[in-house]
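Asker: Fold the following.
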Amino acid sequence: MTDAQIHLMANHLPLAIPFIGVLVLIISFFIKSAVARRIGYVILVLGGLLTLPAFLSGEGAEEIAEHMGKNHDLIHEHEESAETFAYLSYVLACISAVGLWMSWKKHELEKYVFPLVLAGGVILAIFAVCTGESGGEISHPEMHTKK
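Answerer: A predicted model of the protein is given here:
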């Protein structure tokens, strides 16, 4: 299996997870459920972990795509967007892990971590859209047409 194949298989889930995590966290807020909040934290931690295979296979996928004659500028734009997304995902995963631990231990300061994770999840979801679109433009020329 090539890096390009791994990259294509691994890149969709990390882009969807921030939306799922934020949705679960919002629901946990309205139903006032510590369990749902912990599930939201776990989802975002998993998102950070699942970003690793996509990120680590990106360089090899870039080489293959350029060898196939794909547009270097589109690849570079995607690479920059993906790096930002990945680093934000890792940071959010770490903060979510702290929030999970605090929620589990019923630590009073978790009430400050929750809005931070929620805001970070929304920001990460925005970067997920940008990263997904820039990656899609590499192999889907129909995305370039104006509406």
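
Asker: My guess is S103 contacts K111. True?
Answerer: No: at 9.8 Å, S103 does not count as touching K111 under the criterion of Cβ atoms under 8 Å. (Each C-beta comes from the backbone N, C-alpha and C, glycine too.)

Asker: of these two, who's got more company?
Answerer: Between S103 and K111, counting by other Cβ atoms under 10 Å, S103 is the more crowded of the two (20 against 10).

Asker: What distance do you get for H76 to W101?
Answerer: 38 Å (Cβ to Cβ, to the nearest Å).

Asker: what's the answer for Y87, then?
Answerer: Relative to W101, Y87 is positioned 22 Å away (Cβ to Cβ).

Asker: same check, this time on A54
Answerer: A54 is 26 Å from W101, by Cβ to Cβ.

Asker: same check, this time on I75
Answerer: Distance of I75 to W101, given as Cβ to Cβ: 39 Å.

Asker: Quick check, F127 in contact with L88.
Answerer: Yes: using Cβ under 8 Å, F127 is in contact with L88, at 5.9 Å.

Asker: Contacts made by stretch 23-41 with the rest, please.
Answerer: By Cβ atoms under 8 Å, 6 or more residues apart in numbering, the surrounding residues in contact with stretch 23-41 are 21-22, 43, 96-97, 99-100, 103-104, 114, 117-118, 121.

Asker: the more surrounded of I75 and W101?
Answerer: I75 (20 against 14).

Asker: What strand or helix carries the more buried one?
Answerer: Element membership for I75, per DSSP states H and E: helix 72-104.

Asker: Following element in sequence after the helix or strand bottoming out on mean pLDDT in the chain, please.
Answerer: One helix or strand of the chain scores below all others by mean pLDDT, DSSP states H and E: helix 3-10, with a mean of 82. Downstream of helix 3-10, the next assigned helix or strand under DSSP H and E is helix 12-31.

Asker: by how many degrees do that next one and helix 72-104 diverge?
Answerer: Counting by axes from the mean of the first three to the mean of the last three Cα atoms, to 10 degrees, helix 12-31 points 40 degrees away from the direction of helix 72-104.

Asker: Noted, bye for now.
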